[in-house]
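A.B. asks: How does the following fold in three dimensions:
(chains A and B)
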Amino acid sequence: MTVRPLSPHLQIYRWQLTSVLSILHRLTGIALCFALIGLTGWLFSLSQGPVFYKKYMDILNSWPLQVISGFVIICLNFHFFNGIRHLLWDIGYGLDIEKVYVSGKAVLTLTFLNSLLMFWWY
Amino acid sequence: MENKPHYTWQFQRLSALFLVFTLPIFLMIFYSLKNATYQQIILRLQTPWVPVLISLIIMASLYHALLGIQVISRDYLSDLSASVVVTAVQMLTVGLMVLSLFSLTTIIMGP
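C.D. replies: Next up is the predicted model:
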C-alpha cells in the first residue's frame, strides 16, 4: 500500500469565488447522491402498487422533505451548470482567470434563475 | 490502493456529457407527471422509450456519482479509509442499480 499525498485541508484556502464554486461542486454532488437514493425509492414505490406509492408520496410531501426537495433542486441546477463549465474547461475553453470569474458568475445566475423557474413550474 | 490507471477522469467526463443531454429530457418527463394519478404515471412509464431512457439516466447518474465519491475519497482520506468508503459506495451503487432495474421491469410488466 502506497502513502499518497492528500489534498490540502480546506481551511488553508483564502475564500474566493473559484475555490468556493469548486467546493460547492463537490458538496452538491454528494447531496445529489442522496437524491438518487430518493429517486430509486420513488421507482420502487411505483413498482409496489398504488397503496405503497401513496405512502411514499405522503412522506415525500411532508414539509421537511419538501424543504429538502427544494434544496435538491438548487443543488441539481448548480451541479448541472457548473458541470458544463468543467466540461468546457476540459476542451480548453474559458481557462484564463477573467473568463473563469465570468463563467462562475454565469453559473450562479443560471442556478438562481432555473431554480426559480423549477419552483414556479412545480 | 493499486498503482494503475483507473480511467476515472475519462469515464467521469463521458457520463457527465451523457447526462448534460439526457437529464433535461428526464426532468421534463418528471415534471409532466406532477399532477398525474398513479395509473397515469404507470402508463407513461410503460411507453417503450421512457423506461429505457430512465434506466440509462439512472445507471449513468449512479456511475457518475460513484466516480465522484471515489475522487473525493482519494483526495481527502487515507488509503484505508478511502478503500472502505469506496467499497461501501460501490456496493450501494450496485444495489441501487439492481433495485432501479427491478422496479422498472416490474412497472413495464404491470405492477
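
A.B. asks: So which residues of chain B form strands?
C.D. replies: With DSSP state E as the criterion, chain B has no strands.

A.B. asks: Can you mark which positions in stretch B:35-46 are buried?
C.D. replies: B:38, B:41-42, B:45 (16 or more other C-beta atoms under 10 Å in any protein chain shown). For every residue, glycine as well, the C-beta is placed using N, CA and C.

A.B. asks: Quick one: name the residues of chain B near chain A.
C.D. replies: Contacts of chain B with chain A, taken as C-beta under 8 Å from any C-beta of the partner chain, map to B:1, B:3, B:13, B:16-17, B:19-20, B:23, B:27, B:31, B:34, B:38-39, B:41-42, B:45, B:54, B:58, B:61-62, B:65, B:68-69, B:72, B:74-80, B:96, B:99-100, B:102-104, B:106-107, B:111.

A.B. asks: If any of those are buried, put those into a ChimeraX selection.
C.D. replies: Applying 16+ other C-beta under 10 Å to the residues of chain B next to chain A, the buried members can be selected in ChimeraX as follows:
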select /B:13,16,19,23,27,38,41,42,45,54,58,61,62,65,68,69,72,74,76,77,96,99,100,103,104,106,107,111
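
A.B. asks: quick one: which of the residues of chain B next to chain A sit in helices?
C.D. replies: Those of the residues of chain B next to chain A mapping onto helices are B:13, B:16-17, B:19-20, B:23, B:27, B:31, B:38-39, B:41-42, B:45, B:54, B:58, B:61-62, B:65, B:68-69, B:72, B:74-76, B:79-80, B:96, B:99-100, B:102-104, B:106-107, per DSSP state H.

A.B. asks: Let's see the distance spanning stretch A:5-21 from one end to the other.
C.D. replies: Length of stretch A:5-21, first residue to last, C-alpha to C-alpha, to the nearest Å: 23 Å.

A.B. asks: which regions of chain A sit below the pLDDT cut-off?
C.D. replies: The model of chain A has pLDDT under 70 over residues A:1-3, A:8-10, A:13.

A.B. asks: can you list the residues of it near chain B?
C.D. replies: A:1-4, A:6-7, A:26, A:29-30, A:32-33, A:36-37, A:39-40, A:43-44, A:46-50, A:53-54, A:80, A:83-84, A:86-87, A:90, A:118, A:121-122.

A.B. asks: rerun that using 6 Å as the cut-off
C.D. replies: A:1, A:7, A:26, A:29, A:33, A:36, A:40, A:43-44, A:46-47, A:49-50, A:53, A:83, A:90 (C-beta under 6 Å from any C-beta of the partner chain).

A.B. asks: and those, which two are the farthest apart?
C.D. replies: Greatest spacing in those, by C-beta to C-beta: A:Met1 and A:Pro50 (51.8 Å).

A.B. asks: circling back to that earlier point, could you flag which of the residues of chain A next to chain B are buried?
C.D. replies: A:26, A:29, A:33, A:36, A:40, A:43-44, A:46-47, A:53, A:83.

A.B. asks: Among those, which lie within helices?
C.D. replies: A:26, A:29, A:33, A:36, A:40, A:43-44, A:46-47, A:53, A:83.

A.B. asks: Next, count neighbours for the closest residue to A:Leu21 other than its chain neighbours.
C.D. replies: Leaving aside its sequence neighbours, A:Leu21 sits nearest to A:Gly104 (C-beta to C-beta, 6 or more residues apart in numbering or on different chains; 5.1 Å). Using other C-beta atoms under 10 Å in any protein chain shown, A:Gly104 has 19 other residues around it.
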